[in-house]
Every structure is written in C-alpha cells, then in structure tokens.
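> Here is a sequence together with a model predicted from it:
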Amino acid sequence: MFIVIGLGNPGPQYENTPHNVGFLAVDAFGKENNFPDFRLIKKYNTATSQSEMAGQKVILAKPQTFMNESGDAVKKLMAKSRLEDTNTNLIVVHDDVVFPLGQIKIVKKRGANHHKGIESIMSALGHRDFIRIRIGTNKELKKSLDLKDFVLSKFALQDKIELTASLQKTTKAIETIITDGIDKAMTKFNK
C-alpha cells in the first residue's frame, strides 16, 4: 500500500502558489492515472482519492489543515492504514525553495530543512522514515518579499512552463516509486 500526501493550504486564496505545489502534484498524478475525484473524510480532516496501481492500493491525500499543522491529519490517516496494512509506504510531496522551479528531488529519512509542514509530520509520527518528493519553487526572490510572502504569492504566467514540467516529473517519479521502487526513482529523477 502507498499513501501519497500532497502538502498545501486549503482555500482559494492559496491556489496557484508555491506553497501548494504538493496539492497540484497529487491532483496531476490522480488525473494522469484516472483516480476518482477527491472526497473529504472529516474524521481525518483530509481529502482523499483511492485506486490501485501495479497491484498496490494507492491512497492520494490532501490534508485540509494549514501546512504547518499537517502532522495530525497524516498521523490519523497513517494509523488507520497501518491497521489494514503493515506494509504502508508514505510519500510526502511538498514545495522546496532550495531548488529552482522545475527541479525535483526524491529523498528518504532526511531532516525537514526548516519546512514547517514536514516538521509537523515528523513530530506527529515520531520519525522521519518516509519518502519525500521536494518540488523546487525558487524563482528569483524579489527583495521586497520575505520567504512567507514568497511561498504564498501567486505563480506568474511565465512560471507556468517550469511548473507544468515539474508536475509532470513528479507524476512520473511517484509512478516509478510505486512500480519500480525508491532506488530506481532516485537514480532517474535526482539529477
């Protein structure tokens, strides 16, 4: 079983922002692989979609908490899933200002790098033993914007090409992890 968590903030004011590329990536993956529409599971405060791929059950999830409080929703979803399947693999997809827009990096068992959403998940789960797909969002920071303002600012029209490319790469990376494993995915996409 795989649970693929896309991190973001709920609400229309956060759509199309660097901080919500996790949501965008999970949506793109679901659409590409014909997953059903997401539905809100109030008990877990998470929108989910579920299907099968390569003989594995795959749950796509978008916590409907704010990014910095994602851990509680992820912990509840993981607790339910682990009761059903002790071989649950967790993949968390999120923004990362360290990398340029259009680049992705797959990591496992790594620190949070000051990402508050990842810190929240690590704190809630009590470990960092999960896969992360870090989607680069760094465009040239305007001197007038601090980091918080940057990640919550809207993507410009000229950024759409790089954003689309990174979402396509992320979709293929998730597929590769599920079908061929993390090592093959890291070799293929961590360039």
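Right, received. Where do you want to start?
> and residue 74, what does it touch?
With contacts defined as C-beta atoms under 8 Å, 6 or more residues apart in numbering, residue 74 is in contact with 5, 61, 63, 90, 92, 121, 124-125. Where you see a C-beta, it was placed from the backbone N, CA and C, and this is true even at glycine.
> Would you confirm that it belongs to a helix?
Yes. Residue assignment for residue 74, taken from DSSP: H, G, I helix; E, B strand; the rest coil, places it within a helix.
> After the helix or strand of the chain with the lowest mean pLDDT, which helix or strand is next?
Counting by mean pLDDT, DSSP states H and E, the chain has its least confident helix or strand at helix 147-151, which shows a mean of 60. Toward the C-terminal end, the helix or strand that comes next after helix 147-151 (DSSP states H and E) is helix 160-180.
> helices and strands around that next one, which ones?
Counting contacts by 3 or more C-beta pairs under 8 Å, 6 or more residues apart in numbering; DSSP states H and E, helix 160-180 is packed against strand 2-6, helix 21-32, strand 46-53, strand 89-100, strand 104-108, strand 131-138, helix 182-189.
> Quickly note the distance from the most centrally placed residue in the chain to residue 158.
The residue at the geometric middle of the chain, judged as the C-alpha nearest the mean C-alpha position with C-alpha atoms, centre = their mean, is residue 93 (1.8 Å). Here the criterion is C-beta to C-beta, to the nearest Å. By it, residue 93 lies 24 Å from residue 158.
> Also residue 67?
The gap separating residue 67 from residue 158 is 25 Å, by C-beta to C-beta.
> Who has more neighbours out of those two?
Neighbours per residue (other C-beta atoms under 10 Å) separate residue 67 from residue 158, with residue 67 holding more: 24 against 8.
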